[in-house]
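Trainee: model this:
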Amino acid sequence: MHKRLLPIALAFAALASLASAADAWAGPRRVFIAGDSTAAEYGPERAPRNGWGQQLQGFLDPAAFEVRNHAMGGRSSRSFIEEGRLEPVARELRKGDVLLIQFGHNDAKYEDPRRYNEPGQAYPQWLMRYVSLARERGATPVLLTPVSRRVWDFGSLLDTHARYTQAVRELAAREQVALIDLNASTTDWLRALGDQASKAYFEHVPEREVRDDTHFSVAGATMVACLVVRDWKALDPALGAHVVRDTDCGAPASARADLAAQKNPSSVVHERDLARQQPGPHGGAGTTTAYPLFAEAPGLSFVMRKRVLHKGAGIGLHQHHKDEIYYVLAGRGRYVLDGKVHDVAAGDAMLTRPGSTHAIEQVGEDDLVLLLAYPASPR
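Mentor: Sure, this is the predicted structure:
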(Lines give C-alpha, C1' and ligand atoms only; values in the text may rest on other atoms or scores of the structure.)
Protein backbone atom coordinates (compact mmCIF):
# COMPACT_ATOMS: atom_id res chain seq x y z
CA MET A 1 0.00 0.00 0.00
CA HIS A 2 1.21 3.51 -0.80
CA LYS A 3 2.57 4.93 2.46
CA ARG A 4 0.30 7.97 2.23
CA LEU A 5 -2.95 6.13 1.51
CA LEU A 6 -4.18 5.38 5.02
CA PRO A 7 -3.00 4.24 8.44
CA ILE A 8 -3.11 0.45 8.67
CA ALA A 9 -6.08 0.37 11.02
CA LEU A 10 -8.14 2.62 8.76
CA ALA A 11 -7.26 0.52 5.72
CA PHE A 12 -8.58 -2.61 7.42
CA ALA A 13 -11.76 -0.79 8.43
CA ALA A 14 -12.28 0.29 4.83
CA LEU A 15 -11.68 -3.23 3.57
CA ALA A 16 -14.26 -4.63 5.96
CA SER A 17 -16.80 -2.08 4.77
CA LEU A 18 -16.12 -2.83 1.12
CA ALA A 19 -16.25 -6.59 1.63
CA SER A 20 -19.59 -6.51 3.45
CA ALA A 21 -21.06 -4.21 0.80
CA ALA A 22 -20.01 -6.64 -1.92
CA ASP A 23 -22.49 -9.20 -0.61
CA ALA A 24 -25.35 -6.88 -1.60
CA TRP A 25 -24.42 -6.61 -5.27
CA ALA A 26 -27.15 -7.34 -7.78
CA GLY A 27 -25.74 -6.88 -11.26
CA PRO A 28 -22.89 -4.42 -11.80
CA ARG A 29 -21.84 -2.49 -8.75
CA ARG A 30 -22.35 1.25 -9.31
CA VAL A 31 -19.52 3.73 -8.79
CA PHE A 32 -20.76 7.30 -8.40
CA ILE A 33 -18.42 10.28 -8.75
CA ALA A 34 -19.19 13.59 -7.08
CA GLY A 35 -16.56 16.12 -8.03
CA ASP A 36 -15.40 19.09 -10.08
CA SER A 37 -14.08 19.72 -13.59
CA THR A 38 -10.97 17.57 -13.12
CA ALA A 39 -13.23 14.48 -12.94
CA ALA A 40 -16.07 15.62 -15.21
CA GLU A 41 -17.18 14.31 -18.63
CA TYR A 42 -16.49 16.32 -21.81
CA GLY A 43 -17.78 15.90 -25.35
CA PRO A 44 -15.64 15.95 -28.49
CA GLU A 45 -16.32 19.66 -28.92
CA ARG A 46 -14.14 20.25 -25.83
CA ALA A 47 -11.23 18.15 -27.10
CA PRO A 48 -8.60 17.60 -25.94
CA ARG A 49 -10.06 18.22 -22.45
CA ASN A 50 -10.87 15.07 -20.49
CA GLY A 51 -11.73 14.37 -16.85
CA TRP A 52 -10.33 11.39 -14.99
CA GLY A 53 -13.87 10.17 -14.27
CA GLN A 54 -14.37 9.96 -18.02
CA GLN A 55 -11.63 7.32 -18.23
CA LEU A 56 -12.44 5.34 -15.09
CA GLN A 57 -14.79 2.83 -16.73
CA GLY A 58 -12.00 1.78 -19.08
CA PHE A 59 -10.17 0.25 -16.11
CA LEU A 60 -13.16 -1.66 -14.73
CA ASP A 61 -14.99 -4.70 -16.05
CA PRO A 62 -18.41 -3.32 -17.09
CA ALA A 63 -20.02 -6.61 -16.03
CA ALA A 64 -18.86 -5.94 -12.47
CA PHE A 65 -18.78 -2.13 -12.20
CA GLU A 66 -20.80 0.67 -13.77
CA VAL A 67 -19.39 4.19 -13.46
CA ARG A 68 -21.93 7.01 -13.07
CA ASN A 69 -20.06 10.27 -13.30
CA HIS A 70 -21.92 13.24 -11.75
CA ALA A 71 -18.84 15.49 -11.52
CA MET A 72 -19.46 19.01 -12.84
CA GLY A 73 -17.03 21.76 -13.77
CA GLY A 74 -16.76 24.81 -11.58
CA ARG A 75 -18.38 23.24 -8.52
CA SER A 76 -17.13 23.16 -4.97
CA SER A 77 -18.30 20.79 -2.26
CA ARG A 78 -20.75 23.54 -1.25
CA SER A 79 -22.13 24.62 -4.63
CA PHE A 80 -22.54 21.02 -5.84
CA ILE A 81 -25.01 20.44 -3.00
CA GLU A 82 -26.67 23.87 -3.03
CA GLU A 83 -27.37 23.56 -6.77
CA GLY A 84 -29.10 20.23 -6.14
CA ARG A 85 -26.50 18.14 -7.96
CA LEU A 86 -26.23 15.64 -5.13
CA GLU A 87 -29.96 14.90 -5.29
CA PRO A 88 -29.80 12.55 -8.33
CA VAL A 89 -27.02 10.65 -6.58
CA ALA A 90 -29.10 10.43 -3.40
CA ARG A 91 -32.08 9.04 -5.35
CA GLU A 92 -30.02 6.26 -6.96
CA LEU A 93 -27.44 5.40 -4.31
CA ARG A 94 -28.04 2.03 -2.68
CA LYS A 95 -26.36 -0.63 -0.60
CA GLY A 96 -23.20 -1.96 -2.22
CA ASP A 97 -22.49 1.16 -4.30
CA VAL A 98 -19.33 3.26 -4.03
CA LEU A 99 -19.27 7.07 -3.86
CA LEU A 100 -15.99 8.71 -4.89
CA ILE A 101 -15.81 12.28 -3.53
CA GLN A 102 -13.25 14.76 -4.89
CA PHE A 103 -13.45 18.52 -4.43
CA GLY A 104 -11.07 21.30 -3.46
CA HIS A 105 -10.14 23.27 -6.59
CA ASN A 106 -13.16 25.56 -6.37
CA ASP A 107 -13.54 25.43 -2.58
CA ALA A 108 -10.39 27.57 -2.49
CA LYS A 109 -11.89 30.39 -4.61
CA TYR A 110 -11.96 33.04 -1.90
CA GLU A 111 -13.40 35.66 -4.24
CA ASP A 112 -16.60 33.65 -4.84
CA PRO A 113 -18.76 33.22 -1.70
CA ARG A 114 -21.06 30.79 -3.53
CA ARG A 115 -18.21 28.29 -3.78
CA TYR A 116 -15.61 29.23 -1.19
CA ASN A 117 -15.12 27.07 1.89
CA GLU A 118 -12.34 27.77 4.35
CA PRO A 119 -10.37 24.55 4.82
CA GLY A 120 -10.35 24.33 8.59
CA GLN A 121 -14.06 23.83 9.24
CA ALA A 122 -16.47 24.57 6.38
CA TYR A 123 -14.75 22.39 3.76
CA PRO A 124 -14.70 19.17 5.85
CA GLN A 125 -18.25 19.87 7.04
CA TRP A 126 -19.52 19.95 3.45
CA LEU A 127 -17.54 16.83 2.55
CA MET A 128 -19.09 15.06 5.52
CA ARG A 129 -22.51 15.56 3.92
CA TYR A 130 -21.43 13.23 1.10
CA VAL A 131 -19.97 10.70 3.52
CA SER A 132 -23.12 10.67 5.63
CA LEU A 133 -25.34 10.22 2.57
CA ALA A 134 -23.33 7.20 1.41
CA ARG A 135 -23.43 5.60 4.82
CA GLU A 136 -27.16 6.21 5.20
CA ARG A 137 -27.72 4.36 1.90
CA GLY A 138 -25.40 1.48 2.80
CA ALA A 139 -22.88 2.59 0.18
CA THR A 140 -19.13 2.97 0.67
CA PRO A 141 -17.80 6.55 0.68
CA VAL A 142 -14.24 7.12 -0.53
CA LEU A 143 -12.63 10.53 -0.07
CA LEU A 144 -10.07 11.73 -2.61
CA THR A 145 -7.71 14.61 -1.99
CA PRO A 146 -7.75 17.21 -4.82
CA VAL A 147 -5.68 16.29 -7.85
CA SER A 148 -2.48 18.30 -8.26
CA ARG A 149 -2.22 21.26 -10.61
CA ARG A 150 0.71 21.53 -12.99
CA VAL A 151 2.27 24.70 -11.59
CA TRP A 152 6.05 24.86 -11.80
CA ASP A 153 8.25 27.60 -10.39
CA PHE A 154 11.97 27.56 -11.11
CA GLY A 155 11.99 23.79 -11.50
CA SER A 156 9.82 22.99 -8.48
CA LEU A 157 6.22 21.80 -8.58
CA LEU A 158 4.12 24.00 -6.31
CA ASP A 159 1.51 22.61 -3.92
CA THR A 160 -1.64 24.68 -4.56
CA HIS A 161 -3.96 22.59 -2.38
CA ALA A 162 -1.96 22.17 0.83
CA ARG A 163 -4.55 23.06 3.50
CA TYR A 164 -7.40 21.45 1.56
CA THR A 165 -5.45 18.23 1.08
CA GLN A 166 -4.64 18.10 4.77
CA ALA A 167 -8.28 18.73 5.67
CA VAL A 168 -9.37 15.68 3.65
CA ARG A 169 -6.70 13.50 5.25
CA GLU A 170 -7.74 14.58 8.73
CA LEU A 171 -11.43 14.04 7.99
CA ALA A 172 -10.75 10.54 6.65
CA ALA A 173 -8.73 9.61 9.73
CA ARG A 174 -11.20 11.14 12.19
CA GLU A 175 -14.33 9.62 10.62
CA GLN A 176 -12.73 6.31 9.52
CA VAL A 177 -13.44 6.95 5.83
CA ALA A 178 -11.47 5.24 3.05
CA LEU A 179 -8.97 7.68 1.54
CA ILE A 180 -7.28 7.87 -1.86
CA ASP A 181 -4.56 10.51 -1.57
CA LEU A 182 -4.77 11.66 -5.18
CA ASN A 183 -2.88 14.86 -4.44
CA ALA A 184 0.11 12.83 -3.25
CA SER A 185 0.10 10.38 -6.16
CA THR A 186 -0.38 13.03 -8.87
CA THR A 187 2.28 15.26 -7.29
CA ASP A 188 4.78 12.38 -7.37
CA TRP A 189 3.79 11.59 -10.97
CA LEU A 190 4.24 15.19 -12.15
CA ARG A 191 7.57 15.60 -10.38
CA ALA A 192 8.85 12.44 -12.03
CA LEU A 193 7.71 13.72 -15.45
CA GLY A 194 9.19 17.19 -15.03
CA ASP A 195 8.04 20.55 -16.34
CA GLN A 196 8.35 20.04 -20.10
CA ALA A 197 7.17 16.43 -20.35
CA SER A 198 4.11 17.04 -18.13
CA LYS A 199 2.62 19.56 -20.60
CA ALA A 200 1.34 16.77 -22.86
CA TYR A 201 -0.88 15.49 -20.04
CA PHE A 202 -2.73 18.77 -19.64
CA GLU A 203 -4.84 20.95 -21.91
CA HIS A 204 -1.99 22.65 -23.75
CA VAL A 205 -2.91 23.55 -27.34
CA PRO A 206 -0.33 26.05 -28.65
CA GLU A 207 -2.07 26.55 -31.99
CA ARG A 208 -5.15 27.80 -30.10
CA GLU A 209 -3.06 29.60 -27.49
CA VAL A 210 -4.55 27.36 -24.80
CA ARG A 211 -2.38 26.71 -21.75
CA ASP A 212 -4.40 25.10 -19.00
CA ASP A 213 -2.49 23.55 -16.10
CA THR A 214 -5.59 22.33 -14.24
CA HIS A 215 -7.50 20.27 -16.83
CA PHE A 216 -6.24 17.14 -18.51
CA SER A 217 -5.74 15.82 -22.00
CA VAL A 218 -6.89 12.25 -22.72
CA ALA A 219 -3.43 11.00 -21.72
CA GLY A 220 -3.53 12.92 -18.44
CA ALA A 221 -7.09 11.88 -17.57
CA THR A 222 -6.23 8.25 -18.28
CA MET A 223 -3.16 8.42 -16.07
CA VAL A 224 -5.09 9.96 -13.17
CA ALA A 225 -7.83 7.32 -13.53
CA CYS A 226 -5.07 4.71 -13.38
CA LEU A 227 -3.75 6.23 -10.14
CA VAL A 228 -7.27 6.22 -8.66
CA VAL A 229 -7.78 2.53 -9.47
CA ARG A 230 -4.27 1.62 -8.33
CA ASP A 231 -4.83 3.12 -4.90
CA TRP A 232 -8.40 1.83 -4.73
CA LYS A 233 -7.01 -1.69 -5.21
CA ALA A 234 -4.68 -1.05 -2.27
CA LEU A 235 -7.75 -0.35 -0.13
CA ASP A 236 -9.75 -3.25 -1.52
CA PRO A 237 -7.58 -6.07 -2.97
CA ALA A 238 -10.73 -7.87 -4.16
CA LEU A 239 -11.16 -5.11 -6.72
CA GLY A 240 -8.19 -6.47 -8.63
CA ALA A 241 -10.26 -9.33 -10.07
CA HIS A 242 -12.45 -6.76 -11.86
CA VAL A 243 -9.71 -4.45 -13.18
CA VAL A 244 -9.19 -5.01 -16.90
CA ARG A 245 -6.07 -2.89 -17.42
CA ASP A 246 -2.74 -2.84 -15.65
CA THR A 247 -2.36 -0.16 -12.97
CA ASP A 248 1.41 -0.13 -12.73
CA CYS A 249 1.42 3.63 -13.23
CA GLY A 250 2.82 6.83 -11.78
CA ALA A 251 6.00 7.12 -9.75
CA PRO A 252 6.80 6.93 -6.04
CA ALA A 253 7.91 9.93 -4.01
CA SER A 254 11.38 8.37 -3.94
CA ALA A 255 11.78 8.47 -7.74
CA ARG A 256 14.25 11.36 -7.81
CA ALA A 257 16.33 9.91 -4.99
CA ASP A 258 16.32 6.54 -6.74
CA LEU A 259 17.57 8.23 -9.90
CA ALA A 260 20.41 9.94 -8.04
CA ALA A 261 21.48 6.58 -6.60
CA GLN A 262 21.24 4.76 -9.93
CA LYS A 263 24.41 2.76 -10.56
CA ASN A 264 23.92 2.29 -14.31
CA PRO A 265 22.17 5.30 -15.89
CA SER A 266 19.38 5.06 -18.45
CA SER A 267 20.10 6.62 -21.84
CA VAL A 268 18.91 7.35 -25.37
CA VAL A 269 20.93 6.63 -28.51
CA HIS A 270 20.44 7.49 -32.18
CA GLU A 271 21.05 4.81 -34.78
CA ARG A 272 22.60 7.36 -37.15
CA ASP A 273 25.55 7.45 -34.75
CA LEU A 274 25.92 3.67 -34.57
CA ALA A 275 25.95 2.34 -38.15
CA ARG A 276 28.76 -0.13 -38.88
CA GLN A 277 29.32 -1.77 -42.28
CA GLN A 278 30.04 -5.48 -41.85
CA PRO A 279 30.12 -8.64 -43.97
CA GLY A 280 27.34 -11.18 -43.44
CA PRO A 281 27.84 -12.77 -39.97
CA HIS A 282 28.60 -16.48 -39.51
CA GLY A 283 29.92 -16.81 -43.05
CA GLY A 284 26.93 -15.15 -44.67
CA ALA A 285 27.14 -13.60 -48.14
CA GLY A 286 27.11 -9.90 -49.04
CA THR A 287 27.27 -6.80 -46.86
CA THR A 288 25.20 -5.70 -43.90
CA THR A 289 24.85 -2.61 -41.73
CA ALA A 290 24.83 -3.29 -38.00
CA TYR A 291 23.48 -0.99 -35.31
CA PRO A 292 24.80 -2.22 -31.93
CA LEU A 293 22.23 -0.65 -29.62
CA PHE A 294 23.56 0.08 -26.12
CA ALA A 295 26.63 -2.08 -26.67
CA GLU A 296 28.57 0.04 -24.20
CA ALA A 297 25.84 0.18 -21.54
CA PRO A 298 27.23 -1.33 -18.33
CA GLY A 299 25.35 -4.07 -16.52
CA LEU A 300 22.84 -4.79 -19.31
CA SER A 301 21.59 -8.39 -19.14
CA PHE A 302 20.59 -8.65 -22.80
CA VAL A 303 21.83 -7.61 -26.23
CA MET A 304 19.62 -5.76 -28.68
CA ARG A 305 20.70 -4.71 -32.12
CA LYS A 306 19.38 -3.84 -35.53
CA ARG A 307 20.89 -5.37 -38.62
CA VAL A 308 20.17 -4.50 -42.24
CA LEU A 309 20.85 -7.19 -44.82
CA HIS A 310 21.41 -5.47 -48.14
CA LYS A 311 20.60 -7.11 -51.48
CA GLY A 312 22.11 -10.60 -51.68
CA ALA A 313 23.27 -10.59 -48.04
CA GLY A 314 22.65 -13.22 -45.43
CA ILE A 315 23.53 -14.56 -41.99
CA GLY A 316 25.19 -17.97 -42.38
CA LEU A 317 24.08 -21.21 -40.77
CA HIS A 318 25.16 -21.62 -37.15
CA GLN A 319 24.08 -23.52 -34.07
CA HIS A 320 22.72 -21.73 -31.02
CA HIS A 321 23.77 -22.06 -27.39
CA LYS A 322 21.32 -19.39 -26.16
CA ASP A 323 17.89 -18.03 -26.94
CA GLU A 324 17.68 -15.47 -29.74
CA ILE A 325 14.79 -13.56 -31.30
CA TYR A 326 14.71 -12.03 -34.77
CA TYR A 327 11.93 -9.60 -35.60
CA VAL A 328 11.46 -8.43 -39.20
CA LEU A 329 11.00 -4.65 -39.37
CA ALA A 330 10.98 -4.37 -43.19
CA GLY A 331 11.70 -6.35 -46.35
CA ARG A 332 11.51 -10.10 -47.05
CA GLY A 333 13.73 -13.01 -46.19
CA ARG A 334 14.22 -16.77 -46.36
CA TYR A 335 14.71 -18.16 -42.87
CA VAL A 336 16.07 -21.67 -42.35
CA LEU A 337 15.33 -23.16 -38.93
CA ASP A 338 16.45 -26.74 -38.19
CA GLY A 339 16.43 -27.60 -41.87
CA LYS A 340 13.00 -26.12 -42.65
CA VAL A 341 12.53 -23.06 -44.84
CA HIS A 342 10.21 -20.22 -43.76
CA ASP A 343 9.39 -17.19 -45.89
CA VAL A 344 9.32 -14.16 -43.57
CA ALA A 345 8.37 -10.51 -43.96
CA ALA A 346 7.67 -7.38 -41.92
CA GLY A 347 5.82 -8.28 -38.72
CA ASP A 348 7.13 -11.84 -38.47
CA ALA A 349 9.16 -12.97 -35.45
CA MET A 350 11.49 -15.95 -35.13
CA LEU A 351 12.66 -17.58 -31.89
CA THR A 352 15.69 -19.89 -31.96
CA ARG A 353 16.31 -22.02 -28.84
CA PRO A 354 19.61 -23.60 -27.72
CA GLY A 355 20.57 -26.61 -29.85
CA SER A 356 18.81 -25.37 -32.99
CA THR A 357 20.51 -24.18 -36.19
CA HIS A 358 19.39 -21.24 -38.26
CA ALA A 359 20.32 -19.03 -41.20
CA ILE A 360 18.60 -16.19 -43.06
CA GLU A 361 18.95 -14.59 -46.50
CA GLN A 362 17.59 -11.36 -47.93
CA VAL A 363 15.03 -11.82 -50.76
CA GLY A 364 13.83 -9.35 -53.39
CA GLU A 365 14.89 -5.78 -54.11
CA ASP A 366 14.43 -4.19 -50.68
CA ASP A 367 16.75 -4.42 -47.70
CA LEU A 368 15.80 -6.96 -45.05
CA VAL A 369 15.76 -5.12 -41.71
CA LEU A 370 15.99 -7.22 -38.54
CA LEU A 371 15.81 -6.46 -34.85
CA LEU A 372 17.74 -8.99 -32.75
CA ALA A 373 17.59 -9.71 -29.02
CA TYR A 374 19.48 -12.31 -26.98
CA PRO A 375 21.03 -12.71 -23.50
CA ALA A 376 24.34 -10.98 -22.92
CA SER A 377 27.40 -13.14 -22.35
CA PRO A 378 28.90 -12.95 -18.86
CA ARG A 379 31.75 -10.46 -18.69
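
Trainee: contacting residues around stretch 38-45?
Mentor: Stretch 38-45 is contacted by residues 33, 49-54, 69, 71-73, 100, 102, 105, 146-147, 214-216, 224 when judged by C-beta atoms under 8 Å, 6 or more residues apart in numbering. In this view, the C-beta of every residue, glycine as well, is placed from N, C-alpha and C.

Trainee: So which of the residues you listed are in helices?
Mentor: Judged by DSSP state H, helices contain the following of the contacts of stretch 38-45: 52-54, 224.

Trainee: got those as CSV, with distance to Y123 columns?
Mentor: Listed next are these as CSV, based on distance: C-beta to C-beta, whole Å:
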residue, distance to Y123
W52, 21
G53, 21
Q54, 25
V224, 21
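
Trainee: Redo the residues you listed as JSON lines? Include neighbour count and pLDDT.
Mentor: Output for the ones in helices among the contacts of stretch 38-45, formatted as JSON lines (neighbours: other C-beta atoms under 10 Å; pLDDT from 0 to 100):
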{"residue": "W52", "neighbour count": "29", "pLDDT": "98"}
{"residue": "G53", "neighbour count": "27", "pLDDT": "98"}
{"residue": "Q54", "neighbour count": "22", "pLDDT": "97"}
{"residue": "V224", "neighbour count": "28", "pLDDT": "98"}
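
Trainee: Which pair of the residues you listed spans the longest distance?
Mentor: The span of the ones in helices among the contacts of stretch 38-45, defined through C-beta to C-beta, is set by Q54 and V224 at 10.2 Å.

Trainee: What is the neighbour count of G312?
Mentor: Using other C-beta atoms under 10 Å, G312 has 12 neighbouring residues.

Trainee: residues touching it, list them.
Mentor: G312 neighbours (C-beta under 8 Å, 6+ apart): 285-286, 362.

Trainee: Now flag whichever of the residues you listed is closest to G27.
Mentor: Taking C-beta to C-beta as the measure, G27 lies nearest Q362 of the contacts of G312, at 58.1 Å.

Trainee: ok, now which ones touch that closest one?
Mentor: By C-beta under 8 Å, 6+ apart, the contact list for Q362 reads 286, 309-314, 331-333, 368.

Trainee: If we use 10 Å, what do you get?
Mentor: With contacts defined as C-beta atoms under 10 Å, 6 or more residues apart in numbering, Q362 is in contact with 280, 284-286, 288, 308-315, 331-334, 368-370.

Trainee: Mind listing what's buried along whichever strand or helix holds it?
Mentor: Secondary structure assignment for Q362, by DSSP states H and E: strand 357-363. By neighbour count with 16 or more other C-beta atoms under 10 Å, strand 357-363 contains the buried residues 358-363.

Trainee: can you check stretch 60-71 too?
Mentor: Buried residues in stretch 60-71 (16+ other C-beta under 10 Å): 60, 65, 67-71.

Trainee: now these as TSV including distance to D231 and pLDDT?
Mentor: Formatted as TSV, the buried residues of stretch 60-71 follow (distance: C-beta to C-beta, whole Å; pLDDT from 0 to 100):
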residue	distance to D231	pLDDT
L60	14	98
F65	16	97
V67	16	98
R68	20	98
N69	18	98
H70	21	98
A71	18	98
